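**Student:** Structure for the following, please:
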Amino acid sequence: MVCHSLVSRTASSDCTGFNQSGHPCRHEFFDQARRYERAKTAGDSNFKIDLKLEAILPVLDGRLPVAISAEREPAISDAIEFADRQKIRMILLAPRELGKAAAKLKERNIPVVLGRTLDLPLHEDDPYDSAFTLPAQAWRGLEDRVRNF
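**Tutor:** Residues are numbered from 1 along each chain as shown. Model prediction:
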């Protein structure tokens, strides 16, 4: 399962119901999936199969990780916090700015898949070769967790 912009500092972390695009908030979706799992296990006679929630059950059981795409350090920290709160495994996709989040990634043993090295710098005043130096920065802190495809 890949989640793009799964968490955001602009979105309310105490979201209830639906977000602006009409989709259930991420926390609500995972809570709904947990209720679905309990109902399925209980064998309720009114139980109806929901394929969307069936697909997330392996994530809740810990059999599958969620791949979360986050570029900047605040979004990466939010993604880690989200995974911790939901008690799910995660893989970080295409980070471009690790910062202090690198220590959190290593501490929680979270795999990282680096993005493209031919991207332009993230910020206007970043060095021109920042996309090339990120793998080296990541490697120093996350030697056993970094993969590049």
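**Student:** tell me what the longest helix seen in the chain is packed against?
**Tutor:** Secondary structure assigned by DSSP state H gives helix 26-42 as the longest helix of the chain. Using 3 or more Cβ pairs under 8 Å, 6 or more residues apart in numbering; DSSP states H and E as the contact criterion, the elements in contact with helix 26-42 are helix 51-61, helix 73-86. Placement of C-beta: from N, CA and C, glycine included.
**Student:** list the buried ones in it?
**Tutor:** Under the neighbour-count criterion of 16 or more other Cβ atoms under 10 Å, helix 26-42 has Arg26, His27, Phe30, Ala33, Arg34, Tyr36, Glu37, Lys40 buried.
**Student:** Take those residues and write them to CSV, including distance to His123.
**Tutor:** Output for the buried residues of helix 26-42, formatted as CSV (distance: Cβ to Cβ, whole Å):
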residue, distance to His123
Arg26, 27
His27, 30
Phe30, 33
Ala33, 37
Arg34, 39
Tyr36, 42
Glu37, 42
Lys40, 47
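**Student:** what stretches of the chain score poorly on pLDDT?
**Tutor:** Scanning the chain for pLDDT under 70 picks out the ranges 1-25, 138-149.
**Student:** Just the element for the residue nearest the centre of it, please.
**Tutor:** Within the chain, one residue has its C-alpha closest to the average C-alpha position: by Cα atoms, centre = their mean, that is Ile68, at 2.9 Å. When elements are defined using DSSP states H and E, Ile68 is found to belong to strand 66-69.
**Student:** Partner strands of that strand and their direction?
**Tutor:** The sheet places strand 66-69 alongside strand 2-4 (parallel), strand 90-93 (parallel), with pairing taken from DSSP bridges.
**Student:** Ala88 - how many residues pack around it?
**Tutor:** Careful, residue 88 is Ile; it's not Ala. By the criterion of other Cβ atoms under 10 Å, Ile88 has 19 neighbours.
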